[in-house]
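*Asks:* A predicted structure for the sequence below; I have some questions about it.
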Amino acid sequence: MREVAVIGVSMIKFGRYPDRDVSQLAAQAGHEALTDAGVEMKTIEALYSGNLYQTSGSGQRILQQLGQTGIPVVNVANACATGSTAFREAYFAIASGAYDIVMALGSEQMGKQGLLGSRGDPATSLEGRVGSYMMPAVFGMAGMEHSKQYGTQPEHFALASVKNHYHSTQNRLAQYQKESPLDEVMNGRMIAYPNTLLMCCPTGDGAAAAILCSMDKARQYTTQPIKVAASVLTSDPWTDRDLSLPDINTLTKNAAKIAYETAGIGPEDLSQVELHDCFATAELLHYENLGLCEEGMAGKHVASGAPWIGNKIPTKYQEDVAPFQDKTYKPKTTTVVNASGGLLSKGHPLGATGVANIAEIVWHLRGQAGARQVEGSKIGMAHVIGLCSACTLNVLQK
Amino acid sequence: MAETVAAPEIRPLVPHLRIGATREEDYLFGSKCSTCGAMYAGPRLFCGKCSASGPFEEVKFGRDAEVHVFTIIHQATPYVKAPYVAAIVDLPEGVSINTNIEVDPKPENVKFGMKLKMYTEKASEDKEGNTYIAYRYRPA
Ligand SMILES: [Zn+2]
């Protein structure tokens, strides 16, 4: 297998584009990634297009906008891990030697349709009659498993929202760039306990793209190629309750083990992680799943300041956070989590998400992240999870 | 040709519920893998744990369960009254299932490990007049 580099990335501002077609949003992202890489469309040898709602033909429609060069197009759908799975297919296309330079693209247009819509014929739907199967229920209950095991309080989960909303204020591409102090998060409208509205990611429209190239050719295009040190995909193995409550932990732990072995690093080597905070509860679970803190310590970890940009709680929030801190807690890592503002602020246009968080890591590794720059970032990881269930991890290295 | 109109039926809303002559005779059932012992709610063709193609032993479940985890759904799908408690409950037979818990929907009213009893009731009716029966749990 050959070394693979990312030589260009892009992300359009996530939000609502009622006057644009999804293929136009995607083409815009593709064009910006080509410009970033200094590559023309005619150089691209294959396209891997992630889109969940348009499982067929999304990539071809993008090329109708961007340039119909006749290259192979593979359309990818893999729940919320759609974009990151497209990226991984692109990675293997280069690593295997099949191609030298390809594009991975993620796009989605969700309109006002959220994650709360009804399913199927109301007469025979189980939803709300035999439990709840929608995302807010799954991630509410996943958080409650952590509370049951470790006594984690709703405020601990809420701190992930306070942090990520704080980070988003420096990201002009985020759908929302608004801070939310702890009491505002806690007093927000309840969606599914313990997640309030400000602990749920917004849905919307968006697109992101990446140009991947073999490392030996990368320096023709850039002085800062970013190495893909690992690209991992897992599905959920059989666990006791997985068929009733999707187990988002085991497949992430499995992916992390493979990613760290492949990249030859440990979690303490990660300068930063963009992880799948679709709900605030999920962020804390993934601290442990990715080995950023010890089992059961996620609440203490977020309150310690370690995963915040600058590795400390901003002065204005110190009083709010103090009651939830353990002064004796020593963070295992100082890995900054979701410097972009995370899905909680940035938005979550399903197919676009997995490529967008790779773009975020690349900007930091190049030192181009502006006021939210993680100082001296050397290795970053992008994590995505889709139900039920796919987990991708992409480790990127300067 | 005379059209025959099927008489409305009473049907289970989920495949792991079997309907009796009265609601007291309704019961949940599962399938136990004879190779590895894994228990599933409802019928099963293959075992997701060990990949065996059976045979599966059908097991009739009792009405007892306890709370594994729960959430309180405040923003529900349009035809469902909110808030309500949605939960994963563990059955002593060795399986976990999704359910609603019939209780005043406040976090302090549901405890991890709380003992529950199953009951069934009409959940819905389709355009042909068929009735669908669902199971729920309430504190024991
Ligand atoms: Zn088995």
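*Replies:* On my side now, so go ahead.
*Asks:* Tell me the secondary structure at A:S231.
*Replies:* strand (DSSP: H, G, I helix; E, B strand; the rest coil).
*Asks:* quick one, what contacts the closest residue to A:N249 other than its chain neighbours?
*Replies:* Of all residues not flanking A:N249 in the chain, A:N289 sits nearest, at 5.3 Å (C-beta to C-beta, 6 or more residues apart in numbering or on different chains). Bear in mind the C-beta positions are built from the backbone N, C-alpha and C, glycine included. A:N289 is in contact with A:I248, A:N249, A:T252, A:K253, A:A256, counting by C-beta atoms under 8 Å, 6 or more residues apart in numbering or on different chains.
*Asks:* What of B:A76?
*Replies:* A:G128, A:S132, B:A82, B:P83, B:Y84.
*Asks:* Would you list the phi and psi of residue 122?
*Replies:* Unless you meant another one, I'm taking chain A. According to degrees, to the nearest 10, the main-chain angles of A:P122 amount to phi -60, psi -30.
*Asks:* sorry, should have said chain B
*Replies:* The phi/psi pair for B:K122 (degrees, to the nearest 10) is phi -70, psi 130.
*Asks:* who's in contact with residue 12?
*Replies:* Assuming you mean chain A. A:L25, A:Q28, A:A29, A:E32, A:L173, A:G206, A:A207, A:A208.
*Asks:* The intended chain is chain B.
*Replies:* Neighbours of B:P12 in contact, by C-beta under 8 Å, 6+ apart: B:R18, B:I19, B:D26, B:Y132, B:I133.
*Asks:* What's opposite it in the beta bridge?
*Replies:* Counting by DSSP bridges, B:P12 is bridged to B:I133.
*Asks:* And the pLDDT for it?
*Replies:* We have a pLDDT of 98 for B:P12.
*Asks:* Could you do A:L116 as well?
*Replies:* Taking A:L116 on its own, its pLDDT is 48.
*Asks:* cool, and the one 3 residues further on?
*Replies:* Reading off the confidence values, A:R119 has pLDDT 52.
*Asks:* re earlier: nearest to A:K42, of the contacts of B:A76?
*Replies:* The nearest member of those to A:K42, counting by C-beta to C-beta, is A:S132 at 49.6 Å.
*Asks:* Which pair in the contacts of B:P12 has the greatest spatial separation?
*Replies:* Longest span within those, C-beta to C-beta: B:R18 and B:Y132, 13.8 Å.
*Asks:* Who has more neighbours out of these two?
*Replies:* B:Y132 (22 against 16; other C-beta atoms under 10 Å in any protein chain shown).
*Asks:* Sitting in helices, which of the contacts of A:I12 do you find?
*Replies:* A:L25, A:Q28, A:A29, A:E32 (DSSP state H).
*Asks:* ok, the closest residue to the last one other than its chain neighbours - contacts?
*Replies:* It refers to A:E32. The shortest distance from A:E32 to any residue other than its chain neighbours is 3.5 Å, reached at A:S10 (C-beta to C-beta, 6+ apart). By C-beta under 8 Å, 6+ apart, the contact list for A:S10 reads A:A29, A:G30, A:H31, A:E32, A:A33, A:T35, A:D36, A:A208, A:A209, A:A210, A:A359.
*Asks:* How much space separates the fourth one from the ion?
*Replies:* For A:E32, the distance to the ion equals 50 Å [C-beta to the ion, to the nearest Å].
*Asks:* so how many other residues sit close to that residue?
*Replies:* For A:E32, using other C-beta under 10 Å, the count is 19.
*Asks:* and what of the fifth one?
*Replies:* Counted with other C-beta under 10 Å, the burial measure for A:A33 works out to 27 neighbours.
*Asks:* which ones are touching it?
*Replies:* A:G8, A:V9, A:S10, A:M103, A:L105, A:A209, A:A210, A:I211 are the contacts of A:A33 under C-beta under 8 Å, 6+ apart.
*Asks:* Look up how far chain B lies from it.
*Replies:* 36 Å (C-beta to the nearest C-beta, to the nearest Å).
*Asks:* The first one too?
*Replies:* Here the distance between A:A29 and chain B works out to 31 Å (C-beta to the nearest C-beta).
*Asks:* residues in contact with that residue?
*Replies:* By C-beta under 8 Å, 6+ apart, the contact set of A:A29 is A:S10, A:M11, A:I12, A:L105, A:S107, A:A207, A:A208, A:A209, A:A352.
*Asks:* Please repeat the previous calculation with a cut-off of 6 Å.
*Replies:* Shown in contact with A:A29 (C-beta atoms under 6 Å, 6 or more residues apart in numbering or on different chains): A:S10, A:I12, A:A207, A:A208, A:A209.
*Asks:* got it, and A:L343?
*Replies:* Contact analysis of A:L343 by C-beta under 6 Å, 6+ apart lists A:C201, A:D277, A:C278.
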